[in-house]
Every structure is written in C-alpha cells, then in structure tokens.
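Visitor: Build me a model from this:
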Amino acid sequence: MAHIEALAKVVDSAAFNAKAIPQLAEKEGLSLFDAYSIQEASIRRRIARGEKHIGYKMGFTSRAKAIQMGVDDLIYGKLTDGMVVEDGGFMNVKHYVHPRVEPELALLLKRPLSGRVGMVEAYAAVEAVAPAIEIIDSRYENFKFSLIDVVADNSSSSGFVLGNWRLKPEDPSNLGMILSFDGKPVQIGSTAAVLGNPVRSLVTAARMLAERGESLEAGQIVLTGGATAAEALKPGVSVAAELEGLGRVGFTVEAA
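Guide: Prediction:
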C-alpha cells in the first residue's frame, strides 16, 4: 500500500506541477489492478486539497484505439471539479504537459447505476446530455506510455468543458460532431464512433466500477469517450465543438 501511495504522489505531482515523468509500468512491475489503485490514491490527494469527485471519463471507446493499445475493454478515469474549464473561458497550456482535445457527449445521471445493466436501463438513468470537450494530457515523457501507465495517470484525464444541459435525444447513437480550431473544422465525426452508441460506454462504466466496489451516483457526469481523433493544443487557438441537435461548447487557449 505504501508503494501505491508513493506512486500516486508521483503522478499527482506530475499533473499538479505540469511536469513530465518517466513511464512507471515496466520499471515498477505494475498490474492493471495496481494502476487503478494508483489512480484512486491520486484522486484522494486531489480531494484532500479540496476538490470534489463529480464523475467519470471513459477511454479507449474507439475500437481502433483499443486494438492499437492491445486491450479488449475500456478504461476509465475520475473527474473532479478542479478539472472544469468554463464554457467560453480560457485555459493555459503551461498548466499541462501534452494537452490535446476531443469532442464528446456528456451524460448527467438522475439516479445511481451499478453492475451489469442493459442499454435501456442505463439510458433511463440519464437526466440530460450536453456537448463536451475533454482536455486529455498524458504526463509521461516523450508522450510514450503503456496501458497501465495511462490508467495510473487517471486515464489522461486533466480537464473538460461542458455546454448547456439539454433533454436527452431519443436516440444518441449517430449524432454528428465537429471539432474546430479558430472556426475551421479539424475533426469531423459521430457519436457512432463511441462503441456504436455512447450509451454502451455508460453500460461499461457501471460494470467496471462495480468490479472495484464503486458505482455511478445521481448527479454525476460521465464523459462517454472521444468521437474523433484528439487534436494537440497550442497557445492562442480558439476551440469549439458542435454536437448535432445539442449546440456547441468552446474555450480559448491563452496566448503565450
């Protein structure tokens, strides 16, 4: 346990200070179970500093990305209120190591969800949806990492921007998405890229969390996964994501 806490301090300090660190997995001989334990311990450090756990993000929701990383399941990270970037606000790349963004569908839960649930039950637990942009940031040197490294590093979760909450559509499985930099599209995709339907991401979140004795709670946010490839950020760029029928969300990167 002391070893897990020590490694949690390493990854938490890397995120807090925006400093790259060497990969952990190979040197430390970590398992995936260890990686999630490090993630949990690092989030406890954030909470001890006054942040509040408000939800989860799902990763490797793209089949191509999962194959690339050699995994057959999704991964998750935890969201805190300290990661929120205001819609229409600003962020500074100096607070990140390798910041990238991807457009997503965010879900707001109105009741708890745990264990093995079906698609209908999972979507019935959703109160509202919103367009979102996740800011992902691997804290590893040279942007090189393994699956276990990623999970230990809170699955690269570092920030997110939420648009206005709206009534959930009857079918969220194929909503068009456009990610733009300075008004010019840089990525175009669909929620269909998220496991064919982003509700499957929610179903998986409920199952995976239950396996570690946790559950999704009412009022929590779930970022269902990137619908396009991620785009690297640079100072001065204005970022926006538009989600079909649900509006847009955006922010500006502060100039250097």
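Visitor: Which pLDDT value goes with residue 61?
Guide: At residue 61, the predicted lDDT confidence score is 85.
Visitor: now the one 4 residues further on
Guide: According to the predicted model, the pLDDT of residue 65 comes to 56.
Visitor: Which helix or strand in this protein has the lowest average pLDDT?
Guide: helix 63-69 (a mean of 55; mean pLDDT, DSSP states H and E).
Visitor: pull the CA atoms of the helix or strand just after that helix into CSV?
Guide: As assigned by DSSP states H and E, the chain's next helix or strand after helix 63-69 is strand 75-80. The C-alpha trace of strand 75-80 is given here as CSV (Å, rounded to 0.1, in the frame of the first residue of the first chain):
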residue,chain,number,x,y,z
ILE,A,75,-10.6,2.3,-19.3
TYR,A,76,-11.9,5.0,-17.0
GLY,A,77,-10.7,8.0,-15.1
LYS,A,78,-12.2,10.2,-12.5
LEU,A,79,-13.4,13.8,-12.9
THR,A,80,-13.1,16.5,-10.2
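Visitor: For strand 75-80, which outside residues touch it?
Guide: 39-40, 43, 46-47, 51-60, 147, 150-151, 154-157, 160, 205, 208-209, 221, 223 (C-beta atoms under 8 Å, 6 or more residues apart in numbering). Where you see a C-beta, it was placed from the backbone N, CA and C, and this is true even at glycine.
Visitor: Run through the residues that contact the residue lying closest to residue 62 once chain neighbours are set aside.
Guide: With C-beta to C-beta, 6 or more residues apart in numbering as the criterion, residue 62 has its nearest non-adjacent residue at 6.1 Å, and that residue is residue 193. The neighbours of residue 193, taking C-beta under 8 Å, 6+ apart as the test, are 61, 62, 226, 227, 228.
Visitor: just checking, the last one touches residue 100?
Guide: Put plainly, it is residue 228. No. The criterion here is C-beta atoms under 8 Å, and residue 228 misses it with residue 100 at 11.1 Å.
Visitor: And residue 210, how far from residue 216?
Guide: Separation of residue 210 from residue 216 (C-beta to C-beta, to the nearest Å): 9 Å.
Visitor: Quick check on those two: which one has the bigger neighbour count.
Guide: residue 216 (24 against 16; other C-beta atoms under 10 Å).
Visitor: residues contacting the more buried one?
Guide: Counting by C-beta under 8 Å, 6+ apart, residue 216 has contacts 56, 109, 112, 113, 114, 125, 202, 205, 206, 209, 222.
Visitor: try it again with 7 Å
Guide: Contact analysis of residue 216 by C-beta atoms under 7 Å, 6 or more residues apart in numbering lists 109, 112, 113, 114, 205, 206, 209, 222.
Visitor: Much appreciated, bye for now.
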